[in-house]
Structure formats: structure tokens, C-alpha cells
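S.K.: Next comes the sequence, and after it the predicted model I'd like to discuss.
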Amino acid sequence: MRAVLQRVRKSSVSVSGEVVGEIGGGILALMAVAPGDSEREVRYMADKISNLRIFPDEAGKMNRSLLDTGGEMLVVSQFTLYGDCRKGRRPSFVAAASPEVAEALIEKFIEEVETLGVKTAAGRFGAMMEVELINDGPVTLLLDSKGDL
């Protein structure tokens, strides 16, 4: 699994002009699934993201996690995180999981995050979405479970 994480003051996702998910302060997680990913990667990413210390403490140092701050997470599926632009001028997406596999694992990821106590919202899988955010910092991080497990 891959994720682009953005610390946000607020964020929302819309489909056809309708807001389908929104949060206050927390993390916007753009998520992608690779073939071969399983619930092992889901559990790892849910725990890692929820416990990442990227929020400021009283001294202004990034020392608090989403769980520490009571922040929220907006999860948006984005298979293009597995786009390969090395050849030609059009990205190849063969490194992304099939929609059926990806949707099930994204849903499982949301469940795992909620089990940890994080309030979540989500986009609509497979839809053309518009994401709005106010990036806080800005703080933007990349995670890939393949190198970490």
C-alpha cells in the first residue's frame, strides 16, 4: 500500500458537486493498493498513520499523533499513486491492484483506523472526486508499506 499524507486544518471530498466526506483538523490520506497487498499491509498502515507523530506539542515540535490530538482522517482512494511514468508520456498503472481488491482493502483500512479510535470520512471509490484541503504546515509525507514490512 502507498499513501500520501497531508496534515490538514480541514479537508473535504465531493462527487458531482455533493460533499461525500469532510473532516476538521487531522490527516488527509490519499491511499493506493498494490497487487499482493493484504490485511497485513492494511493493519500496518492503519497503525502507522494513526500513530505518526506529525502534530505539534506545546513546544511546537512534531511530537503528537492523530490519536493524541483527537484529530480525524479523510481517506481518499487514489490508484494513480502507483502510476509509472518511466517510459513514454502516458503513465502505466499495472502496479495498482484491481478495483475489486483495492476497494475491499481500502474499506478494511477505514475499519481498522476507526477501531483504533480515529473518526474517519471517505471519498467514493472509483468516482471522479474533487478534494479540497487547507494544508497545515505544510506537512506532506509519503508512506509505502513494501519497504517497511
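M.R.: Yes, it's here.
S.K.: Can you report how many residues neighbour Arg40?
M.R.: When counting by other CB atoms under 10 Å, one arrives at 11 neighbours for Arg40. All C-beta atoms are positioned from the backbone trio N, CA, C, and that covers glycine.
S.K.: what helix or strand is it on?
M.R.: Using DSSP states H and E, Arg40 sits in helix 39-51.
S.K.: Show residues contacting whatever helix or strand comes next after that helix.
M.R.: Remark: after helix 39-51, the chain's next helix or strand is strand 55-56, criterion DSSP H and E. Identification of contacts with strand 55-56 by CB atoms under 8 Å, 6 or more residues apart in numbering yields 7, 62-66, 68-69, 71.
S.K.: try stretch 38-49
M.R.: 1, 3, 5, 27, 29, 31, 66, 73, 105, 108-109, 112-113, 115-116, 143, 145, 148-149.
S.K.: try it again with 7 Å
M.R.: 1, 3, 5, 27, 29, 105, 108-109, 112-113, 116, 143, 145, 148-149 (CB atoms under 7 Å, 6 or more residues apart in numbering).
S.K.: May I see the buried residues of it?
M.R.: 41-42, 44-46, 49 (16 or more other CB atoms under 10 Å).
S.K.: Of the residues you listed, just say which sits nearest to Gln78.
M.R.: The closest of the buried residues of stretch 38-49 to Gln78 turns out to be Met45 (CB to CB; 13.8 Å).
S.K.: hang on, the earlier thing: mind checking which of the contacts of stretch 38-49 land in helices?
M.R.: Mapping the contacts of stretch 38-49 onto helices (DSSP state H) picks out 105, 108-109, 112-113, 145, 148.
S.K.: Can I get these in a markdown table including neighbour count?
M.R.: Converted to a markdown table, the ones in helices among the contacts of stretch 38-49 look like this (neighbours: other CB atoms under 10 Å):
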| residue | neighbour count |
| --- | --- |
| Leu105 | 23 |
| Lys108 | 17 |
| Phe109 | 27 |
| Glu112 | 20 |
| Val113 | 25 |
| Ser145 | 19 |
| Asp148 | 11 |
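S.K.: Which of the helices or strands spans Thr120?
M.R.: Secondary structure (DSSP H and E) places Thr120 in strand 119-122.
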